[in-house]
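J.: Attaching a predicted model along with its sequence, questions to come.
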Amino acid sequence: MTNNVDSSPFFISVNFFAVHTPIMIETDSSLLKPNVNGQSFTSPYEPKVSRYQTMLKVMDEEIGNIMKTAPNNTYFIFMSDNGGLESVVPSNDPLRGSKKTAFNGGINSPLIISYNGINGGQKNQSLVNIMDLSATLTDIFDGQATMNYKTKLFEGSTLLPIFLENSLVSHDYYVKSTYSKGSNAAFVRNWKYVKHSNVEYLFDWRKDWFEQNDLSNKMPDTLNLLRNDYLYWDSLNNI
C-alpha cells in the first residue's frame, strides 16, 4: 500500500487466524492481563479468556496499522464468520447458543464498514449476510448490482442504502449446519424458524433477537409454513 503512489485501485483480503482455537499468544506478550472497562477480567475460564482477549487486542492493533497505512479513499470492511465457541468463552450472553448452532449466538457476528464518505458511528439492525458484499461492492464501483441480482449472478442484495441513508435492508436467509447434531434456520420476513437437535423453534426475530420466547406451540401454522419453506430451499441447494 505504501508503494501505491499512482493511486491505482487495489483490493486486499486480510484473514486473521485470531481469534480462533488454539488460543495461543507470544510468551513475552505485555498483554497477558487485559482489562475490561478498566477492571481486571477474571472467570473460571482463566487463563484461557485472558489469552483470548490478548489475541483480540493484537488483532485490533494490526487492523489499526493497516488503516493508518491505506489511502484515505479506502473502503474497510470488517466481519467475522460465527459466534463464540462455548469451550473457549463462558457464553455468548445475551444471545442464545454458540458456534455450530443456528441460534443467534452462533450466527450473529459484527459487520463494520468504514469510508471517509460515510457518517461514522451509525448503527443499523438490518439482517445481512456475507453474500451481500459482492452486490454491494459492485454497486459502489460500477452500479450494476441491481441488474446482476435480477439475472441471478449475485445471491445477495446491495447494502448501499444502509451506509448512505442508514435505512433498513433485509431479505430472507437460510442457514444449514453440517455439524453432527444439525442446526438449521430460516429467516422469512420477521419470523425465524430453527431446528436444533431435532427440536423445532419459532421466534419473531425483530422483537426477540435474544430468542427467549419460543412461539412454535402458539403458532403451529407459521411454524409449518417456515419448515416447508426451509425444506424447499434445502432441496434446491443440496448442501
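T.: Thanks, I have it.

J.: roughly how far apart are residue 211 and residue 63?
T.: 30 Å (Cβ to Cβ, to the nearest Å). For every residue, glycine as well, the C-beta is placed using N, CA and C.

J.: neighbour count winner among those two?
T.: residue 211 (19 against 15; other Cβ atoms under 10 Å).

J.: Apart from its neighbours in sequence, what residue is nearest that one?
T.: Once flanking residues are discounted, residue 211 sits nearest to residue 96: 4.3 Å by Cβ to Cβ, 6 or more residues apart in numbering.

J.: My guess is the one you found contacts residue 107. True?
T.: No: using Cβ atoms under 8 Å, residue 96 is not in contact with residue 107; the gap is 10.8 Å.

J.: Show the subsequent helix or strand relative to the helix-or-strand element of the chain with minimal mean pLDDT.
T.: One helix or strand of the chain scores below all others by mean pLDDT, DSSP states H and E: strand 39-40, with a mean of 46. Using DSSP states H and E, the helix or strand that follows strand 39-40 towards the C-terminus is helix 48-69.

J.: dump the residue contacts of residue 119.
T.: Shown in contact with residue 119 (Cβ atoms under 8 Å, 6 or more residues apart in numbering): residue 166.

J.: Now it: which helix or strand?
T.: Counting by DSSP H and E, residue 119 is part of no helix or strand.

J.: Send me stretch 89-96 as PDB with only the CA atoms.
T.: Output of stretch 89-96 as PDB, limited to C-alpha atoms (Å, rounded to 0.1, in the frame of the first residue of the first chain):
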ATOM      1  CA  VAL A  89     -15.600 -18.400  26.400                       C
ATOM      2  CA  PRO A  90     -18.200 -18.700  29.100                       C
ATOM      3  CA  SER A  91     -21.200 -17.900  26.900                       C
ATOM      4  CA  ASN A  92     -22.500 -15.500  24.200                       C
ATOM      5  CA  ASP A  93     -25.000 -13.900  26.500                       C
ATOM      6  CA  PRO A  94     -27.300 -12.200  25.900                       C
ATOM      7  CA  LEU A  95     -27.500 -14.200  22.700                       C
ATOM      8  CA  ARG A  96     -28.700 -17.800  22.700                       C
END
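
J.: May I see the buried residues of it?
T.: Of all the residues in stretch 89-96, those buried under the rule 16 or more other Cβ atoms under 10 Å are 89, 92, 95-96.

J.: what's near enough to touch the residue nearest to residue 21 when sequence neighbours are not counted?
T.: Excluding the flanking residues, the one nearest residue 21 by Cβ to Cβ, 6+ apart is residue 88, at 6.4 Å. Residues near residue 88 by Cβ under 8 Å, 6+ apart: 21, 23, 45, 48-49, 52.
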